[in-house]
Each structure stands twice: as structure tokens, then as C-alpha cells.
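Peer 1: next input, structure requested:
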Amino acid sequence: MPPISAVIIAKNEEDKILSCLGSLKSFAAEIVVVDSLSADRTADICRSAGCRVFIREFDGYGNQKQFAVDQAVNDWVISVDADEEISPALASELAVLASAPNLPFDAYNIPFSLVYMGRVMKHSGLGHETHLRFFNRKKGRFTTTPVHEGIVTEGRTGKLKNRILHYSYRDIRHHLEKINIYTTQAAEGLTAKGKKYSGFTVVCKFPLSFFTIYILKGGILDGYPGLIWSWLSAFYASLKIAKTKELQKKQ
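Peer 2: This is a model prediction of the structure:
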């Protein structure tokens, strides 16, 4: 199997990027970073760490990540966000794959663990989360949806055993900032697809979503972080619909 290229998109991640890069060093033959005009030292830190750094104005998560994939030297690519870390066990697993003569699959799903308010979330609908992140770029590419981008592949897909650790939110304020950004992008996408919602849907969405995440999906078992996660996740779901209705009304 050819060497592995790790690709990252980043903006203003100087407080996290070194931890992310450090988790890649043991198995990645190269690290490609696409920086979206950071106002901090993100790009400089990556250059100092030996990464190949490209500066590109952000035009959507899927487009930005695919651009990063296209800059890689190697066909086998792992896509990692700047607020994620490869666990030591996963790094060892990838190192073994990198030394294998060939692989049985063309792409691999990887288990994820969200670290939220200092706790690894094992419930709240998060305990069994996986994402396709490791793939042969000859057989797959990123979608170009405004938010919640993914990789589509025409080859066979397998699954790795070990995890990526996701440090997505610095604190509640940061979580709310992301909710505001992502709900706007999601609402724009839903509006473009012609989705329509009633005011009744907005009212019902929050309590139904909270009950589903906190009770049915076991958020209560994640303690206080599970409570906050469930509440803000339900807020996200209802706000996305409210913003979609607002955009439709403006049109």
C-alpha cells in the first residue's frame, strides 16, 4: 500500500492544531493543511511543524476538504479536522495498514468519540458514531453540500477498530457560536431544496428532540454534559427549522 497523506482544513485553530498534528506524526507520510485565511498563527504553526500549507478562501466544507485531498501526494488519504485527534490505538492501526502490501477495501469508516465538557460521551446518540474518513481518492471524493459534508465512494467500504477523538467545542459559548453558523448554513440548504415547515413543527421540534436525545438515546447517562448536550442539540434542531421558515418568508 502507498504511504498515507493526512489532510486538514483549518481556520483560527492555533490553540488546538499542535495536538491534532502530533497525533498524525507516527503514520502520516505528509500532512496537508488548507488554511481559510486565519487571523491567528495557525498557518505559521503548521509550516513550522513541517506541513504543506495552502491558503484558500473558504467556500464550503465539502469544497475545502476536496481541495485539500487534491493537493495530497498520495492516493490514500485520511481527512482530519483541526479539533480532532487520532487516538494512539488508531495511529498504530493505521501504521500497520500503511505497511501492508494491499488493502481489502477502498475506504474505511472510523469510530468517533466526542469529548464534551471534559467527558468522553458514550451515550446521547453519540456512542456508536462513525464517519468515512480514510479512503483511496481514486475511488471517492467529498460531497459539496454547504454543511454536513461526507465522502462518497464507488469502492468497497470497511471499518477500523479504533477511534478519532473529537474536541469540537471549547465551551458552551463556542457551542452556541457553532450552532448559529451551522443552522444558517443548513437553513440555506433546506430552502434551496424547497423544504417547507409550519410554525407547529418549530414548536414541537424542541421537546421531541430533547426527549429523544436525553431519554431514548441515553443522554441522562452522560451526566451533566449529557444534559447540556441534549438541550443544545434540541435547540439546534428547532432553530434550523425556524431559520428555514424565516428565509422562505423573505423570499
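Peer 1: from here on, contacts and neighbour counts on C-alpha atoms
Peer 2: OK.
Peer 1: tell me where this structure has helices.
Peer 2: Assigned by DSSP state H, the chain shows helices spanning 17-22, 42-48, 61-71, 88-98, 172-192, 199-211, 223-250.
Peer 1: top strand in this structure by residue count?
Peer 2: When secondary structure is assigned using DSSP state E, the longest strand within the chain turns out to be strand 107-116.
Peer 1: pLDDT on that strand, on average?
Peer 2: Strand 107-116 shows a mean pLDDT of 96.
Peer 1: stretch 238-251 now?
Peer 2: Throughout stretch 238-251, pLDDT has a mean value of 91.
Peer 1: likewise stretch 148-164?
Peer 2: For stretch 148-164, the mean confidence score works out to 94.
Peer 1: repeat for stretch 15-30
Peer 2: 96.
Peer 1: what are the contacting residues of it?
Peer 2: For stretch 15-30, the external contacting residues (C-alpha atoms under 8 Å, 6 or more residues apart in numbering) are 3-6, 31, 42, 45-46, 49, 51-52, 72-73, 82-88, 91-92, 94-95, 98.
Peer 1: separate out the buried members of those residues.
Peer 2: Neighbour counting by 16 or more other C-alpha atoms under 10 Å classes 3-6, 31, 42, 45-46, 51-52, 72, 82-87, 91, 94-95, 98 among the contacts of stretch 15-30 as buried.
Peer 1: about what we covered before: quick one, the longest strand of the chain and helix 88-98 angle?
Peer 2: In terms of direction (axes from the mean of the first three to the mean of the last three C-alpha atoms, to 10 degrees), strand 107-116 departs from helix 88-98 by 170 degrees.
Peer 1: for strand 107-116, packing partners?
Peer 2: Packing contacts for strand 107-116, counted by 3 or more C-alpha pairs under 8 Å, 6 or more residues apart in numbering; DSSP states H and E, involve strand 130-136, strand 157-159, strand 164-166.
Peer 1: check contacts around residue 80.
Peer 2: Residues near residue 80 by C-alpha under 8 Å, 6+ apart: 6, 7, 8, 9, 133.
Peer 1: again, only using 6 Å
Peer 2: residue 8 (C-alpha atoms under 6 Å, 6 or more residues apart in numbering).
Peer 1: for residue 242, see how far away it is.
Peer 2: Note on residue 80: its distance to residue 242, by C-alpha to C-alpha, to the nearest Å, is 31 Å.
Peer 1: residue 117 now?
Peer 2: Per C-alpha to C-alpha, residue 117 is found 27 Å from residue 242.
Peer 1: still on that earlier bit, will you turn the helices and strands packed on strand 107-116 into a markdown table that also has distance to residue 227 and mean neighbour count?
Peer 2: Rendered in a markdown table, the data for the helices and strands packed on strand 107-116 read as follows (distance: least, C-alpha to C-alpha, whole Å; neighbours: other C-alpha atoms under 10 Å):
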| stretch | distance to residue 227 | mean neighbour count |
| --- | --- | --- |
| strand 130-136 | 22 | 20 |
| strand 157-159 | 30 | 15 |
| strand 164-166 | 19 | 21 |
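Peer 1: wait, which of these is closest to residue 236?
Peer 2: Between residue 236 and those, the tightest spacing by C-alpha to C-alpha is seen for strand 164-166, at 18.8 Å.
Peer 1: if anything else comes up later, I'll come back, but that's it for now.
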